[in-house]
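Student: Model the structure of this input:
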Amino acid sequence: DSGGDFATGPVEPHFSVPPPAWVAGSRFFHVDADCLGTSNLAIRTASLPQDEEDWFNPLFNFTGGEDPELLRRMLAQGALHVIAEDAVVREDVPPERLRRRYIWRRGLRDGVVATMILRLRHPVRLSFLIHLTGAILGKTGYALNHLFWSAGEPWRVIAAIADLAAVAGIVAAALGLRPSFYGRKGKTGKARSPARRHSATGG
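Tutor: I've put the predicted structure just below:
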C-alpha cells in the first residue's frame with residue numbers, strides 16, 4: 001500500500017539464558033526499524049537488479065555486510081525505503097554472543113564493512129578520505145560520549161569499546177586489510193579489487 005520498494009522493521013532480542021549485567025540497559029542486541037539489513041526485511045522483487053548476479057557483492061563474502069551494501073545501492077538508484085515500526089521480529093540470542101569479545105568483534109566488523117561500502121560509493125580518493133575521516137570522528141565521538149556517562153550506566157563502557165573497535169576496523173580497512181569474520185577465521189589479508197560480477201548468494 002505504501003508503494004515502497006522495500007520495508008524494514010525492528011528486531012528485538014530473545015535471550016535463551018539470562019543476559020549478564022553489562023547487557024542491562026543497553027541495545028546491543030536490538031536492531032532499529034530503519035536499519036538497512038535483512039534481519040527484518042520485506043522487498044518488492046521487481047525492484048531488485050534484473051541480473052541476480054548483481055544482487056550480492058562477493059567482496060563481502062568473508063566480512064558480511066552484503067545486505068546493507070545492496071540496499072544502499074538500491075537507494076542510490078532511486079528505490080523507496082519504507083519503515084514499518086510495528087512489524088517486530090524477535091531474534092534468539094545464543095549464549096555465545098553474550099560475551100564482551102563478541103561485541104568487540106562485531107564493532108570491528110562494522111568498521112571494516114562501513115569502510116568497504118564507502119570505498120565503493122566514493123571511488124574518488126579525496127571524497128573517500130573526507131567521508132572516512134567523518135566516520136572516524138563520528139565513532140570516536142560516540143565512544144567519548146559513552147565514557148562520559150558510564151559512571152551511572154556501566155554498559156556504556158562496553159559500548160565505548162565497541163565504537164573504538166569500529167574505529168580500528170575503519171583504519172584497518174582503509175589500509176587495505178580485510179579481516180575475515182566468516183569462513184576463514186582468524187585470517188587477515190590485503191583487500192582485493194571488487195569483482196566485476198556479483199554472486200547471488202549472500203551471507
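
Student: Quickly find the element holding residue 82.
Tutor: Using DSSP states H and E, the element containing residue 82 is strand 81-83.

Student: Same question for that strand: list its buried residues.
Tutor: Going by neighbour count (16 or more other CB atoms under 10 Å), nothing in strand 81-83 comes out as buried. For every residue, glycine as well, the C-beta is placed using N, CA and C.

Student: Stretch 140-157 too?
Tutor: 140, 142-143, 146-147, 155-156.

Student: and if you look at stretch 42-56?
Tutor: 43, 48, 55-56.

Student: Relative to residue 172, which of these is nearest.
Tutor: Proximity of these to residue 172 was ranked by CB to CB; the top entry is residue 56 with 22.5 Å.

Student: Which member of the buried residues of stretch 140-157 is positioned nearest residue 18?
Tutor: Of the buried residues of stretch 140-157, the one sitting nearest to residue 18 (CB to CB) turns out to be residue 155, at 15.2 Å.

Student: what's the closest residue to that closest one other than its chain neighbours in contact with, if anything?
Tutor: Nearest residue to residue 155 in three dimensions, chain neighbours excluded: residue 26, at 4.0 Å (CB to CB, 6 or more residues apart in numbering). Taking CB atoms under 8 Å, 6 or more residues apart in numbering, we find residue 26 in contact with 155, 158-159.

Student: which residues does the residue nearest the centre of the chain contact?
Tutor: In the chain, the centroid-proximal residue (CA atoms, centre = their mean) is residue 110; its distance is 4.8 Å. Residue 110 makes contact with 166, 169 under the criterion CB under 8 Å, 6+ apart.
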